[in-house]
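K.L.:
Could you work out the structure for the sequence below:
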Amino acid sequence: MDKDFSLNDEVIMRKNHACGTNLWTITRVGVDVKIKCNNCGREIMMDRLEFQKKLKKVLKDEKKS
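P.N.:
Reported below is the predicted structural model:
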């Protein structure tokens, strides 16, 4: 059930952020994953396992396609 994600991909998380959106952009990938809220700009960092549990869907970056 490993979802494929990479840098600059937009992702939808299971729960909404306090600002009301659940759309985020991945800004760092490694042992930890750093994501930035597309609405308010808040950045959070979580370990990869926690991120994969909270991840709902990956929207690929259109620039790569």
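K.L.:
For Lys36, see how far away Arg48 is.
P.N.:
Separation of Arg48 from Lys36 (CB to CB, to the nearest Å): 17 Å. (Glycine included, C-beta is placed from N, CA and C.)
K.L.:
which residues in the chain form helices?
P.N.:
Shown for the chain, the helices assigned by DSSP state H span residues 48-54.
K.L.:
and Leu49, how many neighbours does it have?
P.N.:
Residues near Leu49, counting by other CB atoms under 10 Å, number 10.
K.L.:
now it: how far from Trp24?
P.N.:
Using CB to CB, Leu49 is found at 17 Å from Trp24.
K.L.:
Thr27 against Asp9, yeah?
P.N.:
No: under the criterion of CB atoms under 8 Å, Thr27 lies out of contact with Asp9, with a separation of 10.2 Å.
K.L.:
Check whether Ile44 really touches Ile35, as I assumed.
P.N.:
Yes: using CB under 8 Å, Ile44 is in contact with Ile35, at 6.1 Å.
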